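structure for this input, please:
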Amino acid sequence: MLIHVLMGNAGGCGQSQLQQERDRLAQAGKDHSIVNAGAYAGDGLLSILEVRFQAGQREILVDDCTRAQILEVLAWQSCVEDDDRFDDLVVHLARRN
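Below is the predicted model:
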């Protein structure tokens, strides 16, 4: 599993880094909605990440993450690091400004 933490805006084009990732996925034929982390408390964000993973999504985009949520996702990564099923999962976390 790869965790990609995005902070700030991407250079010059006026789009956020997360939107650029979404556009890249769309061009590859993988149109994924963005998870709004602000809508989830406690373990709710981890639950939705697992649901998306179980549904076959291998790149997950998450916006509006708090520092605590990012740390929770990193802890989750540590818990599943020996599980080969998660090897090809990429989670893009956009830090709340």
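
same for the worst-scoring helix or strand of the chain on mean pLDDT, what does it pack against?
Counting by mean pLDDT, DSSP states H and E, the weakest-scoring helix or strand in the chain turns out to be helix 17-27, with a mean of 84. Where contact means 3 or more CB pairs under 8 Å, 6 or more residues apart in numbering; DSSP states H and E, helix 17-27 is packed against strand 2-6, strand 59-65, strand 90-95. Every C-beta, even on glycine, is put in place using the N, C-alpha and C of the backbone.

direction included, what does the longest one pair up with?
When you say that, I think you mean strand 59-65. strand 34-36 (parallel), strand 90-95 (parallel) (DSSP bridges).

the inter-axis angle of that strand versus helix 17-27?
160 degrees (axes from the mean of the first three to the mean of the last three CA atoms, to 10 degrees).

may I have strand 59-65 as PDB, with CA atoms only?
Taking Å, rounded to 0.1, in the frame of the first residue of the first chain, the C-alpha atoms of strand 59-65 are listed here in PDB:
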ATOM      1  CA  GLU A  59      -6.700   4.100  -6.100                       C
ATOM      2  CA  ILE A  60      -8.700   6.000  -3.500                       C
ATOM      3  CA  LEU A  61      -8.900   9.800  -3.400                       C
ATOM      4  CA  VAL A  62      -9.600  11.500   0.000                       C
ATOM      5  CA  ASP A  63     -10.100  15.200   0.500                       C
ATOM      6  CA  ASP A  64     -10.200  17.400   3.600                       C
ATOM      7  CA  CYS A  65      -8.100  15.100   5.900                       C
END
